[in-house]
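Visitor: one predicted model, sequence on top.
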Amino acid sequence: SNAIPFRIINIIIHCCNSLLIFYILKTFFKNDYLNIIGGVIFLVHPIHVESVAWISERKDLLYSLFFLLSIKSYINYLNSKGIKSYYMSIAYMLLSVLSKGQGVTLSAIIILIDYFYKNSWTRKRVLEKLPFVTISIIFSIIAVKAQQSADAVNVGITEHYSIIQRFLLVSYGFSQYIFKYVIPYNLSAVYPYPFKHIATIPTHYWVFPVIVIGYISLLFVEYYKSHRINLFALLFFIITLFPVLQIFPVGEAVMADRYLYMPLFGLILLSLSILNKFKLEKVMPKFIIISILGGFCYKSYCRSKVWSNRELFWQVQTEQQPNYGKGFNNLGAVFYEQGDTTKALTAFKSAIENDYKLALLSIAVVERDKGNFQNAVDIYNSVISLYPENIRIYKGLLLNHMDLKQDRKSTRLNSITRSSRMPSSA
């Protein structure tokens, strides 16, 4: 009932990650002023609020903690601090992937670090990477199997969207992550898939593939110019973000703030590389940087308030994403728990208007509470054809038939709810 201790632990882990960012940046820049800026950006950026405020997302913080510790240990190893650092790097990677599957990208980052250090590909260097690559392969397979077994893979995306549309969605998500780093505006807990119920793709979505092509072109330019820091930053961002770009759609959102937690380091590194070209000791650059960081702090504070209670959370969500039906259903559930059935029904109807038909089940529950058992039965029967395997429907029918003293139907429904066999009607 008290979330404060859990959030305090999340804040502590997040602060540790920010400190690790500062120490890793020392590998790239000798100017500690730059490194402090990088650590502070990571600490106060508003897009990290979701990962810190949402208790269940501690896995994001933990995987990133071990991810960064593995990088730091591997850098120590390359700086000749002993073979122990190498083994510690492997151990930390194992802990990272055990925390969250996104940690599998670490093996590619280890190879990227060798590129930055200009290490030649000797037999020893290749063999050093085998433990990292092996861990990545094994846990990638486990992650895919787990998503499939949990029915998290969104098969409906392939049905609703063509290949071209899916490419536009990936480009859209990729571009939005960059935009929200630069200008963290209109942050949301859920970013539903756009243009799902319209025949043509909005014209402005064709801009996003251009941004992706431009980003890839920049990679080649930086490689040609041998700007190792810039190339490292650009590749770090795209590598760590790749598993969650919805190339293989998982879940019901095209992107999520929490997915940018670790990839943000790549964008920060690139920003610092650009800043390093300016004379930061002057008053004006310092004023601009402090103003930006102050703005990030204020935005993070405001965003954290949204996570303070469920009603405010879902109210803000429905305002930001007015076409997200499930958000209205969840807001209605909050009103229902508060005993305000009028507001609850209004929210449930808004959910249905936005194509979230499961909200009918919520309305059926309200009807039963009002004593309108037959109305509830009619609603459940109307939904069966849409969701024939949803056990909530049959349990709801069972309770309402019992209330109506319809023993024969109650007995049949009771046998259905106790078995795994779901009929097409009841």
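Guide: Thanks, I have the structure now.
Visitor: close enough to count as contact, Ile90 and Phe132?
Guide: Yes. The pair formed by Ile90 and Phe132 meets the contact definition of C-beta atoms under 8 Å, at 6.8 Å. The C-beta positions use only the backbone N, C-alpha and C, and glycine is treated the same way.
Visitor: and the two? Which one has more around it.
Guide: Phe132 (22 against 18; other C-beta atoms under 10 Å).
Visitor: list the contacts for that one?
Guide: For Phe132, the contact set (C-beta atoms under 8 Å, 6 or more residues apart in numbering) comprises Ile90, Met93, Leu106, Ser107, Ile110.
Visitor: for Tyr92, same thing?
Guide: Going by C-beta under 8 Å, 6+ apart, Tyr92 touches Phe66, Phe67, Leu69, Ser70, Ser73.
Visitor: any idea whether Phe167 is helix, strand or coil?
Guide: Following DSSP: H, G, I helix; E, B strand; the rest coil, we place Phe167 in the helix state.
Visitor: okay, and the closest residue to it other than its chain neighbours sits in which element?
Guide: Using C-beta to C-beta, 6 or more residues apart in numbering and skipping residues adjacent in sequence, the residue nearest Phe167 is Pro209, 6.8 Å away. Pro209 belongs to helix 207-224 when assigned by DSSP states H and E.
Visitor: mind saving the C-alpha coords of that helix as PDB?
Guide: Presented in PDB, the C-alpha positions along helix 207-224 are these (Å, rounded to 0.1, in the frame of the first residue of the first chain):
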ATOM      1  CA  VAL A 207       9.000  12.200 -43.300                       C
ATOM      2  CA  PHE A 208      10.200   9.700 -40.800                       C
ATOM      3  CA  PRO A 209      11.900   7.300 -43.200                       C
ATOM      4  CA  VAL A 210      13.900  10.300 -44.500                       C
ATOM      5  CA  ILE A 211      15.100  10.800 -40.900                       C
ATOM      6  CA  VAL A 212      16.100   7.100 -40.700                       C
ATOM      7  CA  ILE A 213      17.900   7.300 -44.000                       C
ATOM      8  CA  GLY A 214      19.600  10.500 -42.900                       C
ATOM      9  CA  TYR A 215      20.700   8.800 -39.600                       C
ATOM     10  CA  ILE A 216      22.200   5.900 -41.500                       C
ATOM     11  CA  SER A 217      23.900   8.200 -43.900                       C
ATOM     12  CA  LEU A 218      25.500  10.000 -41.000                       C
ATOM     13  CA  LEU A 219      26.900   6.700 -39.800                       C
ATOM     14  CA  PHE A 220      28.800   6.400 -43.000                       C
ATOM     15  CA  VAL A 221      30.000  10.000 -42.900                       C
ATOM     16  CA  GLU A 222      31.300   9.600 -39.400                       C
ATOM     17  CA  TYR A 223      33.000   6.300 -40.300                       C
ATOM     18  CA  TYR A 224      34.600   7.900 -43.400                       C
END
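Visitor: packing partners of it?
Guide: Counting contacts by 3 or more C-beta pairs under 8 Å, 6 or more residues apart in numbering; DSSP states H and E, helix 207-224 is packed against helix 163-182, helix 228-241.
Visitor: who's in contact with the shortest one?
Guide: When you say that, I think you mean helix 228-241. The contact list for helix 228-241, computed with C-beta under 8 Å, 6+ apart, reads 28, 102, 105, 108-109, 112, 115-116, 118, 174, 177, 215, 218-219, 222-223, 259-260, 262-263, 265-267, 269-270, 273.
Visitor: hmm, back to that, which of the contacts of Phe132 lies closest to Phe42?
Guide: Nearest to Phe42 among the contacts of Phe132 is Leu106, at 17.6 Å by C-beta to C-beta.
Visitor: so which helix or strand takes in that closest one?
Guide: Using DSSP H and E, Leu106 sits within helix 106-116.
Visitor: which other helices and strands does that helix contact?
Guide: With contacts defined as 3+ C-beta pairs under 8 Å, 6+ apart, helix 106-116 has these neighbours: helix 58-78, helix 83-99, helix 123-149, helix 228-241.
Visitor: out of the ones you listed, nearest to Ser300?
Guide: For the helices and strands packed on helix 106-116, proximity to Ser300 was assessed by C-beta to C-beta; helix 58-78 is nearest, at 15.2 Å.
Visitor: CA atoms only: put that closest one into CSV for me.
Guide: In CSV, the C-alpha atoms belonging to helix 58-78 read as follows (Å, rounded to 0.1, in the frame of the first residue of the first chain):
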residue,chain,number,x,y,z
ARG,A,58,12.9,-1.7,-11.8
LYS,A,59,14.0,-4.4,-14.3
ASP,A,60,14.9,-1.4,-16.6
LEU,A,61,17.1,0.1,-13.9
LEU,A,62,18.7,-3.2,-12.9
TYR,A,63,19.5,-4.3,-16.4
SER,A,64,21.0,-0.9,-17.1
LEU,A,65,23.0,-1.0,-13.8
PHE,A,66,24.7,-4.3,-14.7
PHE,A,67,24.9,-3.2,-18.4
LEU,A,68,27.0,-0.2,-17.4
LEU,A,69,29.0,-2.1,-14.8
SER,A,70,29.9,-4.6,-17.5
ILE,A,71,31.0,-1.8,-19.9
LYS,A,72,33.1,-0.2,-17.1
SER,A,73,34.7,-3.5,-16.2
TYR,A,74,35.5,-4.2,-19.8
ILE,A,75,37.1,-0.8,-20.2
ASN,A,76,39.1,-1.4,-17.1
TYR,A,77,40.3,-4.7,-18.6
LEU,A,78,41.4,-2.9,-21.8
